[in-house]
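Novice: need coordinates for the following:
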Amino acid sequence: MEKLSVLILEDVEGDAKLAMRALRAGGIEFSAQRVETREEFLRALGEQPDLILADYKLPHFDGRTALKLALERLPDVPVIIVTGALGDNDAVELLREGASDYILKDRLSRLAPAARRALADARLKAERRDAEERYRALFLESREGIALLDFDTGRIVDCNPEFEAQTGRTREQLAKLPVWDLRAPEHREAGAATFRSIQASGSGNGKVNIRRPDGTELPVEFRAKAIKVSGKRFVLAQACDMSERLQAEAQLRAQIDELRRFQKVTVDRELRMQALEERLAKMTAAQAKAA
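Specialist: Sure thing, here's the model as predicted:
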């Protein structure tokens, strides 16, 4: 483990030294700073420690307040309460409020393992949050509509701004609907059947028209896949707006049709010219024969 920066909130220097000895005995390399007051503690938080050990009761400060201040300023830094005595109710409350662990001063052999565990948990928490933030950024900025559907009911659980724009509805309005209600009434049963097929096979794709509240329709190409999030099943659906592509294809077809008409006109003109030239040749030959 790399060398850590440890902040120790403790008014008894001897107790702080015992805690440091316990950490070193557990193979943890660190540098430590001991503070006693709220002001010293707040200044030390600004130096970004990796681990905080806090006594529960001090003459002018307490571990519960220290825990709250630490979590407000450094939410990823684990706080372990190290105290001489702690009632069960207080211990439960501290853990509920965000303490990583609590260690009694007569059981400091538990401190190093608790510190390792707390640091590992903090790293995992930070990595998970970073991953969630990256996913959220991709989710929000995607140029495709993305919707998360309840696997059992087909109701829209979450969606990104692009999906809101595609459907002409807010996320709050969409949360009341099964996904097939985004289609015209006459196509909703087919939409429900498509969703059942995705439930059965685990994935699906196709092309549908989304009916907006104003009556306009948006053609989209969708892909859907069953996924699990925290043990619960969902369907992740992605919808790509096809309107520009269809418009471009229509323009291309119109251009091809115009080219064919032009070609036909040109060919017809060439055939007429050829026929006219043949008639002129016959007339010239006839006149020459008569002369």
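
Novice: buried residues in stretch 9-28?
Specialist: Using 16 or more other C-beta atoms under 10 Å as the test for burial, stretch 9-28 gives 9, 10, 11, 15, 16, 18, 19, 20, 22, 23, 26, 28. The way it works is simple: take the backbone N, C-alpha and C, and place the C-beta from them, glycine included.

Novice: just those residues: which are in helices?
Specialist: Residues from the buried residues of stretch 9-28 lying in helices, with DSSP state H as the criterion: 15, 16, 18, 19, 20, 22, 23.

Novice: what sits closest to the second one if chain neighbours are left out?
Specialist: For residue 16, ignoring the flanking residues on the chain, the nearest one in space by C-beta to C-beta, 6 or more residues apart in numbering is residue 10 at 4.2 Å.

Novice: equivalent analysis for the fifth one, please.
Specialist: Spatial nearest neighbour of residue 20, chain neighbours left out: residue 32 (5.5 Å); criterion: C-beta to C-beta, 6+ apart.

Novice: how about residue 174?
Specialist: Spatially, and ignoring its direct neighbours in sequence, residue 174 is nearest to residue 156 (4.5 Å; C-beta to C-beta, 6+ apart).

Novice: mind listing the strands for the stretch 51-200 of the chain?
Specialist: Using DSSP state E, counting those that start in this stretch, the strands of the stretch 51-200 of the chain run over 51-54, 79-83, 101-104, 145-150, 156-159.

Novice: would you convert the ones you listed into CSV that also reports mean neighbour count and distance to residue 264?
Specialist: Formatted as CSV, those follow (neighbours: other C-beta atoms under 10 Å; distance: least, C-beta to C-beta, whole Å):
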stretch, mean neighbour count, distance to residue 264
strand 51-54, 27, 83
strand 79-83, 25, 83
strand 101-104, 20, 85
strand 145-150, 20, 43
strand 156-159, 20, 50
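
Novice: for those strands, which one sits closest to residue 165?
Specialist: Across the strands of the stretch 51-200 of the chain, residue 165 has its closest neighbour in strand 145-150 (7.6 Å, C-beta to C-beta).

Novice: packing partners for the closest one?
Specialist: Applying 3 or more C-beta pairs under 8 Å, 6 or more residues apart in numbering; DSSP states H and E, we find strand 145-150 packed against strand 156-159, helix 161-167, strand 232-241.

Novice: give the pairing partners of that strand; include direction for each.
Specialist: As defined by DSSP bridges, the strand partners of strand 145-150 come to strand 156-159 (antiparallel), strand 232-241 (antiparallel).

Novice: show me how the protein divides into domains.
Specialist: What automatic domain parsing lists as the domains of the chain is 4-138, 142-241.

Novice: re earlier: the residue nearest to residue 20 bridge partners, please.
Specialist: residue 6.

Novice: could you double-check that it lies in contact with residue 3?
Specialist: No: Residue 32 lies out of contact with residue 3 (C-beta atoms under 8 Å); the separation is 10.9 Å.

Novice: what's the longest strand in the protein?
Specialist: Longest strand of the chain, by residue count under DSSP state E: strand 217-229.
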